[in-house]
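**Student:** Sequence and predicted model, in that order:
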Amino acid sequence: MSWLYSKSPRVGNGYDVHALKEGLPMWLCGVRIPSEKGFVAHSDGDVAIHALCDALLGAAALGDIGLHFPDSDPKFKGIDSKKLLAEVVSMLEYDIVNVDITIALQEPKLRPYIDQMRETLAGIMGIDKGQVSVKATTTERLGFVGRGEGCEVWATVLLMGKED
């Protein structure tokens with residue numbers, strides 16, 4: 001890696017969406033959320049961690065989550081997405097400056113879980129909770145999110161070259 005790229009700030013964004021289905025568990029940012037519906041997915045369906053992984057990988061120019069953890073590989077069936085995030089963080093040659101995540105979900109309300117989500121993500125990434133922002137919003141009953149059919153998540157990260 002050239003000196004210029006290794007020391008420059010790197011911004012990445014990630015996006016993911018998962019359908020909701022009754023009877024499945026709901027995991028967001030590594031936290032189990034009490035809900036009658038959960039995410040349809042090959043892994044545990046943690047749509048927020050998936051978006052975060054894509055943001056981190058994108059900022060480091062390392063591809064995307066599908067490249068490293070394809071849903072066609074049976075070894076990732078039902079995998080805890082916290083393990084995927086830890087693996088992504090281990091690939092980085094950069095320090096994580098901050099993480100900003102926005103979750104669009106009609107229900108349940110996520111405010112009671114935000115601090116636990118921030119702490120969980122910070123612990124996995126080895127950074128301070130103050131470097132992790134998690135926000136939740138609804139879509140005012142508009143679109144597939146508003147109809148309770150799914151969840152969308154956007155993640156943005158800032159990376160900086162590691163200190164020598």
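**Tutor:** Received it, and whenever you're ready, just let me know what you need. Residues are numbered from 1 along each chain as shown.
**Student:** where's the residue positioned nearest the centre of the chain, which helix or strand?
**Tutor:** Residue closest to the mean C-alpha point of the chain, counted by Cα atoms, centre = their mean, is residue 49 at 2.2 Å. Assigned by DSSP states H and E, residue 49 belongs to helix 47-59.
**Student:** Just the CA atoms of that helix, as PDB, please.
**Tutor:** The C-alpha atoms that make up helix 47-59 are tabulated as PDB, following Å, rounded to 0.1, in the frame of the first residue of the first chain:
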ATOM      1  CA  VAL A  47     -29.000  -6.200   8.700                       C
ATOM      2  CA  ALA A  48     -27.200  -3.500  10.600                       C
ATOM      3  CA  ILE A  49     -23.900  -5.400  11.000                       C
ATOM      4  CA  HIS A  50     -24.100  -6.400   7.300                       C
ATOM      5  CA  ALA A  51     -24.400  -2.700   6.300                       C
ATOM      6  CA  LEU A  52     -21.500  -1.900   8.600                       C
ATOM      7  CA  CYS A  53     -19.300  -4.600   7.200                       C
ATOM      8  CA  ASP A  54     -19.900  -3.300   3.700                       C
ATOM      9  CA  ALA A  55     -19.000   0.200   4.800                       C
ATOM     10  CA  LEU A  56     -15.800  -0.900   6.400                       C
ATOM     11  CA  LEU A  57     -14.800  -3.100   3.500                       C
ATOM     12  CA  GLY A  58     -15.700  -0.400   1.000                       C
ATOM     13  CA  ALA A  59     -13.600   2.300   2.900                       C
END
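**Student:** State the next helix or strand along the chain beyond that helix.
**Tutor:** As assigned by DSSP H and E, the chain's next helix or strand after helix 47-59 is helix 65-68.
**Student:** As PDB, could you dump the C-alpha coordinates of that next one?
**Tutor:** The C-alpha trace of helix 65-68 is given here as PDB (Å, rounded to 0.1, in the frame of the first residue of the first chain):
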ATOM      1  CA  ILE A  65     -19.600  -8.700   2.500                       C
ATOM      2  CA  GLY A  66     -20.800 -11.100  -0.300                       C
ATOM      3  CA  LEU A  67     -17.200 -11.400  -1.600                       C
ATOM      4  CA  HIS A  68     -15.900 -12.500   1.800                       C
END
